[in-house]
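[1] could you work out the structure for the sequence below:
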Amino acid sequence: MRHMIIIALVVGSMVAHAQSPQRLPITTGFSSGYQFERAATRSWLVDQSTVYRSFAKSSDQWEPLPDLYRCEPATIVSASPERVIVLAPRRTASDTLWWIFRSTPNERQWLDSTSFRPDGRYVGRAWGMMLFSSSPDSVPMVLNVYDTLGDLRGSIALSSARNTRAVSMRQCGDSIVVLDRITGRTVCETIRGGAGVAVGAWTSRVLPDVIDGVVGTGDAFVYMTSAGVFVDHAGQVRTVKVLNDRLQDLCVDSLRGARIARGTVEYSDNITTSHVDVAYSREILTPSTDRVISVLGRRSYAVARPRGILQWYTTYLDAGAAEQWRDIPLIVGSHSRGPRYLLSGINVVVADHFLVEPTDVIRAAICTIVPGASRCDTSTQRAVPFTHEMLRRVGGEAWLSTRDGVISYPGLDTIRQLPMYDVVEQDGRIVALSSRGIEVRDVGTNKFLVLVPDVPALAIAVVGDTVFAFRSIDITTIDPEAQIVVDAYDRFGSPYFVQRLVADSVIARSLRFRSATVINGALVVNCSRKLVVSSDAAITWNEIDVDGELTTRIDAAGEHPVAWMRASNGTQGPALMITPDRWVMQSVELRTGAPVEACASMPGWFVFGTSDGAWCVEQSISSVAYRNVDTRGGLYEGLADADLLVDLLGRVFLRDQAPRGFYFHVVRSGGTWHVRQTLHIP
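    Coordinates of the predicted model:
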């Protein structure tokens, strides 16, 4: 018990010394929540709490402004080629205000910021002002209008639109078009105002004939009525003759329109004429996964693609003055979508990021993190196929599952042409989980054979010759509910048992399956808030409370198991497992609230990926096996026979040879060890 108290004290010391991580130089693209805005000669992009601007002389590259510290996703209030103003809420224990950030003109930094507490939730912007509403969704909403200093300028009541997540509003000339799609049919309402018009003079009216619509840039509103599809632009209403179906996919700028169709970008330079054409694309585009988000000019379109990729489709004049199409990546300089697949080891392996080749082709990439004296860097990035689904250690290699199959790293040899979802290697025998079920490749062969067909497992684990498949089963009666169960099979695929209970009532208890791992011969199932452990081959299971929550899978591929922990006191950071019921966490101060999606370790460093990029932080806690230090006898003040430092997990160092970290200072008198103090070596 006395030893447990000392451990707690040391962990508390680490909390007080929360470290700031360093961003890794990896291009990861964008998340799905970005906002793109074109302002004449410059583009602006907000992705979560990161604000980017395009290079002045190269519109296909981005440079980020400094992070908006501890802010939730931001939104653009106004943008010009010289500066941008964004709005973001901050959510910390001491700050729950909204903040307005203004950039320095023509510089990549923030000039100042203003905090304010608006009434309601943010619903839109117009003429450089911000629109909030606190109305319940049962009545038409009232809009509260604030200027960019955070001052309330007035309010306006709408006639029909409700304050729901399905309401959209966007400025169009001297009006705001409000579309409410939650009431079973689209309700369209317009607010007439304009820059310089007092809020008290704004008026609203309902357009009952509008069935659906889309507001574009360049003061264009395309809408559908029972009489057809029309565009209201520059004070004139004209019939839309092309691209007049699937308005939800249409992107409009003035009279230009574009959408994804026929496997590429379908566009018209004037949607009121009968001419429509298609752009060249190196890959097939589909409306379900690809979307035109901006018409950048004549025959120039920005397309949002899967995996956080933006692509620019445009034309140029070749040597013969003929117009040619090309598609250019718009992700160079991006870092706000983090990698989800990391692997511990002597060096951490990182997949799920991008490499842009000189030919303007985007490739998925994999690389190794190389530690340095004061920061980490990446090895040469290697191009691999897209759609990463698994990264595991198999022997001396890393196996990466892609859409084209499984490849090894660093050799990049093709293991098989069918993706895997999990793989375990034991004494040369490889057990894999795939769409065919549980497969096995025995020592001395290169062929996988189906051991158990059609197993819908979450993960697999192997102990001795027994293969365990973990599944989730639905036990819903009235309220949704589920169980985690395990099946066990011998080396020939015959079942030992099926559907043995591991964790019950996982929804009611807010449990979430993260991973199943064999650690020191025991099966350890990470259910986020609890660990479920079996030391007798799944015959019996013991639940262990985690002091907080493990938000990533347990990576046991390195020297010792590691996962990301969010402690009950609100701190978070990478945590090393001493035993399943004892974890040591290193507190890390994240600059944003982006969740951590993967965590790995290598000697001296932790590496983790969030939805705001890839990061590393120097390790100040140990990664060796735990051994007890005898603390009986109290503090020793006399002459010692030995004077040593012992780290949190039991590794012994001479005083002048200990690396940075937290230690017990222990001395020996005869055969008895005494703990004198705890200390931190920076």
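[2] and residue 487, how far from residue 377?
    Distance of residue 487 to residue 377, computed by C-beta to C-beta, to the nearest Å: 44 Å. For glycine as for every other residue, the C-beta is placed from the backbone atoms N, C-alpha and C.
[3] out of the two, which sits in the more crowded spot?
    residue 487 (21 against 13; other C-beta atoms under 10 Å).
[4] wait, that one touches residue 451, no?
    No. Assessed by C-beta atoms under 8 Å, residue 487 is found out of contact with residue 451, at 11.8 Å.
[5] helix or strand: which one has residue 25?
    For residue 25, there is no host helix or strand (DSSP states H and E).
[6] neighbours around it, how many?
    Neighbours of residue 25 using other C-beta under 10 Å come to 11.
[7] tell me the bridge partners for the closest residue to it other than its chain neighbours.
    Of all residues not flanking residue 25 in the chain, residue 378 sits nearest, at 6.2 Å (C-beta to C-beta, 6 or more residues apart in numbering). Residue 378 forms beta bridges with residue 369, as assigned by DSSP bridges.
[8] in the stretch 501-650 of the chain, where is pLDDT below threshold?
    Counting by pLDDT under 70, the stretch 501-650 of the chain shows low-confidence ranges at 622-643, 648-650.
[9] list of residues touching whichever strand or helix holds residue 601?
    Using DSSP H and E, residue 601 maps to strand 596-602. Applying C-beta atoms under 8 Å, 6 or more residues apart in numbering, the contact partners of strand 596-602 are 338-349, 369, 371, 551-553, 555, 557-560, 562-564, 572, 574, 576, 590, 606-611, 619, 623.
[10] for the residue positioned nearest the centre of the chain, list the residues it contacts.
    The residue lying closest to the centre of the chain (C-alpha atoms, centre = their mean) is residue 611, at 2.5 Å. Residue 611 makes contact with 31, 48, 336-338, 594-595, 597, according to C-beta under 8 Å, 6+ apart.
[11] equivalent analysis for residue 124, please.
    Neighbours of residue 124 in contact, by C-beta under 8 Å, 6+ apart: 131, 168-170, 176.
[12] relative to residue 538, which of the residues you listed is nearest.
    residue 168 (51.1 Å; C-beta to C-beta).
[13] report the secondary structure element holding the closest residue in space to the closest one that isn't next to it in sequence.
    Using C-beta to C-beta, 6+ apart and skipping residues adjacent in sequence, the residue nearest residue 168 is residue 179, 5.1 Å away. Remark: residue 179 resides in strand 175-180, with elements defined by DSSP H and E.
[14] helices or strands next to that strand in the packing?
    strand 152-162, strand 167-172, strand 187-192, strand 212-215 (3 or more C-beta pairs under 8 Å, 6 or more residues apart in numbering; DSSP states H and E).
[15] of all those, which one is nearest residue 433?
    strand 167-172 (42.1 Å).
[16] beta partners of the residue nearest to residue 168?
    Beta-bridge partners, per DSSP bridges, of residue 179: residue 168, residue 188.
[17] start at 513 instead
    All set: I'll call the first residue 513, so the last point we hit is now residue 691.
[18] now do the strands in the stretch 513-662 of the chain.
    Taking DSSP state E, counting those that start in this stretch, the strands of the stretch 513-662 of the chain run over residues 534-535, 547-551, 554-559, 562-566, 574-576, 587-591, 596-601, 610-615, 622-628, 633-638, 641-645, 652-658.
[19] now the ones you listed in TSV, with distance to residue 710?
    Below are these laid out as TSV (distance: least, C-beta to C-beta, whole Å):
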stretch	distance to residue 710
strand 534-535	45
strand 547-551	26
strand 554-559	29
strand 562-566	31
strand 574-576	37
strand 587-591	19
strand 596-601	21
strand 610-615	21
strand 622-628	20
strand 633-638	14
strand 641-645	11
strand 652-658	10
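[20] can you put the ones you listed in JSON lines and add mean pLDDT?
    Output for those, formatted as JSON lines (pLDDT from 0 to 100):
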{"stretch": "strand 534-535", "mean pLDDT": "91"}
{"stretch": "strand 547-551", "mean pLDDT": "90"}
{"stretch": "strand 554-559", "mean pLDDT": "92"}
{"stretch": "strand 562-566", "mean pLDDT": "93"}
{"stretch": "strand 574-576", "mean pLDDT": "93"}
{"stretch": "strand 587-591", "mean pLDDT": "94"}
{"stretch": "strand 596-601", "mean pLDDT": "95"}
{"stretch": "strand 610-615", "mean pLDDT": "96"}
{"stretch": "strand 622-628", "mean pLDDT": "94"}
{"stretch": "strand 633-638", "mean pLDDT": "95"}
{"stretch": "strand 641-645", "mean pLDDT": "96"}
{"stretch": "strand 652-658", "mean pLDDT": "95"}
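[21] and of the ones you listed, who's closest to residue 1173?
    Once these are compared by C-beta to C-beta, strand 534-535 is nearest, at 17.8 Å.
[22] check which helices and strands the closest one sits against.
    Strand 534-535 packs on strand 1125-1130, going by 3+ C-beta pairs under 8 Å, 6+ apart.
[23] about what we covered before: what lines up beside the strand holding residue 1113 in the sheet?
    Strand 1108-1114 is paired, per DSSP bridges, with strand 1117-1122 (antiparallel).
[24] for the partner strand, which outside residues touch it?
    533, 536, 850-852, 854, 860, 862, 864, 881, 883, 888, 1064, 1074, 1076, 1085-1086, 1098, 1100, 1102, 1104, 1106-1113, 1126-1131.
[25] buried only: go through those for me.
    Buried subset of these (neighbour count, 16 or more other C-beta atoms under 10 Å): 533, 536, 850-852, 854, 860, 862, 864, 881, 883, 888, 1064, 1074, 1076, 1085-1086, 1098, 1100, 1102, 1104, 1106, 1108-1113, 1126-1131.
[26] what is the neighbour count of residue 671?
    Residue 671: 12 neighbours (other C-beta under 10 Å).
[27] pull the number of nearby residues for the closest residue to it other than its chain neighbours.
    Sequence neighbours aside, residue 718 is the residue nearest to residue 671 in space, at 5.3 Å (criterion: C-beta to C-beta, 6+ apart). Residue 718 is flanked by 16 other residues according to other C-beta under 10 Å.
[28] so what's residue 718 bridging to?
    residue 701.
[29] for residue 819, helix, strand, or coil?
    helix (DSSP: H, G, I helix; E, B strand; the rest coil).
[30] give me the neighbour count for it.
    Count around residue 819 with other C-beta under 10 Å applied: 19.
[31] and it, how far from residue 1023?
    From residue 819 to residue 1023 the distance is 29 Å (C-beta to C-beta).
[32] do the same with residue 988
    Distance from residue 988 to residue 1023, by C-beta to C-beta: 16 Å.
[33] wait, residue 962 touches residue 951, no?
    Yes. The pair residue 962 / residue 951 is scored as a contact, 5.5 Å apart, by C-beta under 8 Å.
[34] more neighbours, the two?
    Just comparing residue 962 and residue 951: by other C-beta under 10 Å the higher neighbour count belongs to residue 951, 22 against 14.
[35] let's see the helix or strand hosting the more buried one as CSV, backbone CA atoms only.
    Counting by DSSP H and E, the element that carries residue 951 is strand 949-953. Extracted C-alpha coordinates of strand 949-953, given in CSV (Å, rounded to 0.1, in the frame of the first residue of the first chain):
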residue,chain,number,x,y,z
GLY,A,949,-13.4,-15.6,-42.2
ILE,A,950,-10.4,-16.7,-40.0
GLU,A,951,-7.5,-17.9,-42.1
VAL,A,952,-4.2,-19.5,-41.2
ARG,A,953,-0.8,-19.7,-42.9
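[36] what helices or strands is it leaning on?
    strand 941-946, strand 961-965, strand 978-986.
[37] nearest to residue 806, out of those?
    strand 941-946 (39.9 Å).
[38] how about that closest one as CSV, C-alpha atoms only?
    What follows is strand 941-946 as a C-alpha-only set of coordinates in CSV (Å, rounded to 0.1, in the frame of the first residue of the first chain):
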residue,chain,number,x,y,z
ARG,A,941,2.2,-19.4,-37.7
ILE,A,942,0.0,-16.5,-38.9
VAL,A,943,-3.7,-16.2,-38.2
ALA,A,944,-5.6,-13.6,-40.1
LEU,A,945,-9.2,-12.2,-40.1
SER,A,946,-10.5,-11.4,-43.6
